[in-house]
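> Build the 3D model from these lines:
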Amino acid sequence: MLGIGMWVLMLAGSGAIHYYLWIRLVRDTSRPATLGRRLGTGAVVVSALAAPGTRIVTPLFDPSEDGAGRWVAWPGYTLIGVLIYLLMGLVVLEVPRAFLVRRWRRAEREDGREAGPEAEPVTVSSTVDAVGTVAASGPADTAELASATSHASTATEVPEVSEVPESSKPTGTPGTPGDPGAPETPAPPSQLLVGRRLFLGRAVGVLAGATALGTVGHGMSVALGDPLIKRVPITLSKVNARLAGLRIAVVSDVHLGPMLGRSHTERIVRMINELEADLVAIVGDLADGTASQLGPAARPFKGLESRYGSYFVTGNHEYLYDGVEDWLDEMRAVGVRPLVNERVEIRHNGTFLDLAGVEDLAGEETGRGPDLERALAGRDTSRPVVLLAHQPVFAEEAARHGVDLQLSGHTHGGQMFPLTGVTALSNPVSAGLGKVDDTTLYVTSGAGFFGPPVRVGVPPDITLLELRPADV
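Presented below is the predicted three-dimensional model:
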């Protein structure tokens, strides 16, 4: 469960993000004091509360298929997905938007200079009062005053006045238009510029919104579709010819909960059985809820078929809710053996493979956690050992203990571009095959999702690994 401090941070972050969204999607697209602006502002306020509220409130509801959790999770997490890509789109469009606004301002200034009248000497052919009137007039009135003085000069012939006494010159009020000593004040934007900026704001909003909705729509179809089957050969130095060809089906991050239920499990079981694997490894984050709530959604795992059995290790989400032991009992009940800091011996074609499993690192907060020394104690080091550990970062510890192959999940491969980059920076391998010292590490992208029901650039997967000797 999230603490109050995290709630405050989430609300503050949501407020900052939504203020920016209000500027670009409401202020820039509507005129002040209009119904459209009031409705837009209200929608932004609701979204600012709903986005963090979904993460805070959803765990309080029953996540089972008949529970109320789905009525909160589906709209809330879908909104979060849209907001992520809406924010990204607007940020990307900041550059062309700023360029256009700057160009329009420069063009308006240049047009204003070209259209503005140039000051010309005025020959006064009228009375002293007429001269004072002309001198006190601003440039905008030049044409009108010129017409008036021309009319006056034709009506009454007077001697030409070459100089006006000081007492007859207007004093003017400092800072008023026409006063030579008044500071220049910037002119307000013209109606043309205001109209252009309003059009640009609406165009940017429509483009960013359409892109976000299209991306999320595609991402949802990928996330809710069948996982991709990956077939990956694994070469290990301790694998001999008799052990070669052993096949391990790997699935992780199933994330049963308010958005993924029993039908999701049934599909995974069907796809794994079609692979005809020698053994099955479920590498953590099975569910987002307790076994009493989501146990029925996991029951189809009883139908898993493999030559040497199915095995399970906990992920960090198993420790977010009370009752991790209940989940271990639930898996035993459906014929899937939990490996709780322990090891089993797999015999294949007269030779042996050690399969070990550790609890997730998140268990350390509750006095549990991984104990690799215990899991590997007394093993024959000439045999290859395959370790099930939910988080890829545990591979550093595995390498220090001589583990040949670690199978992990946890990352979802980043799940949504560009979060894939963040995931890659924080894990030795974010998805696929890699090495940590002498330990080979394979990370599955997971068969489910967490948070937004969206996957962009990283489809869900189930992997079939095939062991091969190093000399092949």
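> How far off centre is stretch 29-40?
Taking Cα atoms, centre = their mean, to the nearest Å, one finds the center of stretch 29-40 at 28 Å from the center of the full chain.
> Alpha carbons of it, as PDB, please.
What follows is stretch 29-40, C-alpha atoms only, in PDB (Å, rounded to 0.1, in the frame of the first residue of the first chain):
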ATOM      1  CA  THR A  29      -7.600  27.100 -27.200                       C
ATOM      2  CA  SER A  30     -10.400  29.300 -25.800                       C
ATOM      3  CA  ARG A  31     -11.200  32.900 -25.100                       C
ATOM      4  CA  PRO A  32     -11.600  34.300 -21.600                       C
ATOM      5  CA  ALA A  33     -14.900  34.000 -19.700                       C
ATOM      6  CA  THR A  34     -16.400  31.600 -22.200                       C
ATOM      7  CA  LEU A  35     -18.400  28.400 -21.600                       C
ATOM      8  CA  GLY A  36     -15.700  26.400 -23.400                       C
ATOM      9  CA  ARG A  37     -13.000  27.700 -21.000                       C
ATOM     10  CA  ARG A  38     -15.100  27.000 -17.900                       C
ATOM     11  CA  LEU A  39     -15.800  23.400 -19.100                       C
ATOM     12  CA  GLY A  40     -12.200  22.800 -20.100                       C
END
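> For that stretch, buried residues please.
29-30, 37, 40 (16 or more other Cβ atoms under 10 Å). Every residue, glycine included, has its C-beta placed from N, CA and C.
> Please identify which pair of the residues you listed lies farthest apart.
29 and 37 (8.6 Å; Cβ to Cβ).
> now the buried residues of stretch 29-40 as CSV including secondary structure and pLDDT?
Shown next, in CSV, are the buried residues of stretch 29-40 (DSSP: H, G, I helix; E, B strand; the rest coil; pLDDT from 0 to 100):
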residue, secondary structure, pLDDT
29, helix, 93
30, coil, 93
37, helix, 95
40, helix, 96
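> Pick out whichever of these sits closest to residue 223.
residue 40 (29.5 Å).
> How about that closest one: what's its closest non-neighbour residue?
With Cβ to Cβ, 6 or more residues apart in numbering as the criterion, residue 40 has its nearest non-adjacent residue at 3.7 Å, and that residue is residue 26.
> how about residue 239, secondary structure?
coil (DSSP: H, G, I helix; E, B strand; the rest coil).
> That one: how many residues sit nearby?
24 (other Cβ atoms under 10 Å).
> what's next to the helix or strand encompassing residue 465, contact-wise?
Assigned by DSSP states H and E, residue 465 belongs to strand 461-469. Contacts with strand 461-469, where a contact means Cβ atoms under 8 Å, 6 or more residues apart in numbering, come from 227-236, 239-241, 243-251, 268, 271-272, 275, 277, 353, 384, 407, 442, 444-447.
> At which residues are the strands of this protein located?
Per DSSP state E, the chain carries strands over the ranges 228-236, 247-251, 279-283, 310-313, 336-338, 342-348, 351-357, 385-388, 405-408, 432-436, 439-443, 461-469.
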